[in-house]
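S.K.: fold the following for me, if possible:
(4 chains)
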2 protein chains.
Amino acid sequence: MTTLRAVKPPHETRTRILDAAEELFMLHGFEGTSMRLLTSKAGVNLAAVNYHFGSKDALIEALFRRRLDPMNAARIAELARLEEEANGRPLAADAIIRAFVGQSLRHMEDTKSGGRNFIRLLGRTYTEPTKPIRVLIGQLYAPTMERYKNALERALPHMPREELVWRMHFMFGTLSYTLAATDVVQLIAGCKPEDRHDARLLEDRLTAFLAAGLTAPLKHAVRKAA
Amino acid sequence: MTTLRAVKPPHETRTRILDAAEELFMLHGFEGTSMRLLTSKAGVNLAAVNYHFGSKDALIEALFRRRLDPMNAARIAELARLEEEANGRPLAADAIIRAFVGQSLRHMEDTKSGGRNFIRLLGRTYTEPTKPIRVLIGQLYAPTMERYKNALERALPHMPREELVWRMHFMFGTLSYTLAATDVVQLIAGCKPEDRHDARLLEDRLTAFLAAGLTAPLKHAVRKAA
DNA sequence: GTCTATACCACGATAGAC
DNA sequence: GTCTATCGTGGTATAGAC
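M.R.: Here you go, the predicted structure:
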């Protein structure tokens, strides 16, 4: 076992399965892609999924962990970097938003590693009917969200906590939907398709929209409820 | 057939199927709910769905049409009413948004007719992997979107068309996500559950957030791209 | 430890009797 | 309109080959 086997890296089957799953789940959804199609595309045996992951659901979980854990770690690191630069002063809200949003868009840009597929898949998954998946996503995001919530509380000290939570919720929704629904824009009103792939421009558009929404003045009814 | 049959209204089987489908699709998704479960919950025969609708997909289409057509008609009527009141002057952006958003929340409030189930299901469907469903939703929304886009163009004459389309896209995303993902708020940061059902308060929160985002000043990069 | 062949039950859809 | 039988396909479990 410890002999040289340069041709076949360890866990190659695992990786092949994960890569094929990412693409097919994005195209046809979780329940829409059969294990038979998935394994044949990955070039592995039907039972390999069950051996390596245990079940289809466990495969889905592994798929999300593989990309989401590094992504959220990068988000937290980016926030820490900004806070260090600021030297104790609170950050501006739009800088915080940009740090969060940017990570998703960065992954969309590298068409090489299939990151684009994953991001679209991720955006779709927040509203998955299957509860275990939603719970998993929530768990994977929880530490990051806590950090960003704290940063936003410092950036917007006069915002009631509850209103801030709701606005973060809206923000999260806009981001996930934008990443997931790539063609509905065209269905609604038509837009130049080439723009959809300009991550830098999209980052500016999103940040401007979200920062304005997040820092909007409070309505009377909302302020009373706080 | 034309004799009096007060006990059993016409198309009762159809209605029973649609009602059961609405609830089960919301709970388990389209592919996640079996026809066997659906028909047994509806108290009809397994083959009845195929007889009345032709297929599972056709059932889904009928399900959306039943609720979405009146809902969008109400949206257009509401906009026409506001425009008549304004007597030719352009409407304010937040009034337009409130008219659009309000219709969804109105349907969420009547727990009686199962509207809440439908709205959650609808919010989830914009990001459905199955393309025919997305196309259907796009078609059903198209006339309404056109009307609202025109109204917003009048309300925001200095906004580049393309930026407006993107912002409407963001807006649509926030709305659909908010309606679909009822429990993720709690997963992320925790919020008082009773608030999630106060449609009036939610309408205020949403309108404030979206109006601010929609009317946000343009970034340089975005202005140059226009 | 990795992988394959195969068997098992539930699913969606359909045809035909009633 | 309803029911039953049936077909092809889905996810999963396992026994055994390498």
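S.K.: when you work out contacts or count neighbours from here on, use the C-alpha atoms and nothing else.
M.R.: Fine.
S.K.: so where do the helices sit in chain A?
M.R.: Secondary structure of chain A (DSSP state H): helices at A:12-28, A:35-42, A:48-53, A:56-86, A:93-109, A:115-125, A:131-155, A:161-180, A:184-188, A:199-214, A:220-225.
S.K.: lowest-confidence stretch among the ones you listed?
M.R.: Sorting the helices of chain A by mean pLDDT places helix A:184-188 lowest, at a mean of 56.
S.K.: tell me which residue of chain A lies closest to DNA strand C.
M.R.: residue A:45 (3.5 Å; Cα to the nearest atom of the strand).
S.K.: got the phi and psi for that residue?
M.R.: phi -70, psi 150 (degrees, to the nearest 10).
S.K.: quick one: residues contacting it.
M.R.: residue A:39 (Cα atoms under 8 Å, 6 or more residues apart in numbering or on different chains).
S.K.: so what pLDDT did it get?
M.R.: Looking at residue A:45, the pLDDT reads 94.
S.K.: report the separation between it and chain B.
M.R.: 25 Å (Cα to the nearest Cα, to the nearest Å).
S.K.: mind listing what's buried in stretch A:126-138?
M.R.: For stretch A:126-138, the buried set under the neighbour-count rule, 16 or more other Cα atoms under 10 Å in any protein chain shown, comprises A:126, A:127, A:128, A:129, A:133, A:134, A:136, A:137, A:138.
S.K.: those: which two are farthest apart?
M.R.: A:129 and A:138 (13.8 Å; Cα to Cα).
S.K.: about what we covered before: closest one of the buried residues of stretch A:126-138 to residue B:114?
M.R.: residue A:129 (17.3 Å).
S.K.: test my guess that that closest one contacts residue B:28.
M.R.: Yes. Counting by Cα atoms under 8 Å, residue A:129 touches residue B:28, with 5.3 Å between them.
S.K.: find the closest residue to DNA strand D in chain A.
M.R.: residue A:34 (2.9 Å).
S.K.: for that residue, give its distance to residue B:35.
M.R.: For residue A:34, the distance to residue B:35 (Cα to Cα, to the nearest Å) stands at 18 Å.
S.K.: for stretch A:88-98, which outside residues touch it?
M.R.: Residues contacting stretch A:88-98 (Cα under 8 Å, 6+ apart): A:79, A:82-83, A:148, A:151-152, A:154-156, A:203, A:207-208, A:210-211, A:215.
S.K.: one more time with 10 Å, if that's ok
M.R.: With contact meaning Cα atoms under 10 Å, 6 or more residues apart in numbering or on different chains, stretch A:88-98 is reached by A:75, A:78-79, A:82-83, A:85-86, A:100-102, A:148-149, A:151-157, A:168, A:171, A:203-204, A:206-212, A:214-215.
S.K.: one step back: which of the helices of chain A sits closest to residue B:117?
M.R.: helix A:131-155 (15.7 Å).
S.K.: close to chain B, is the closest one?
M.R.: Yes. Using Cα under 10 Å from any Cα of the partner chain, helix A:131-155 reaches chain B at A:131, A:134-146, A:149.
S.K.: which two in these are spaced the farthest apart?
M.R.: A:131 and A:149 (24.1 Å).
S.K.: tally of neighbours for residue A:11?
M.R.: For residue A:11, the neighbour count with other Cα atoms under 10 Å in any protein chain shown is 10.
S.K.: again with residue A:68
M.R.: Residue A:68: 19 surrounding residues under other Cα under 10 Å.
S.K.: so who does it touch?
M.R.: Neighbours of residue A:68 in contact, by Cα under 10 Å, 6+ apart: A:62, A:74, A:104, A:118, A:119, A:122, A:137, A:140, A:141.
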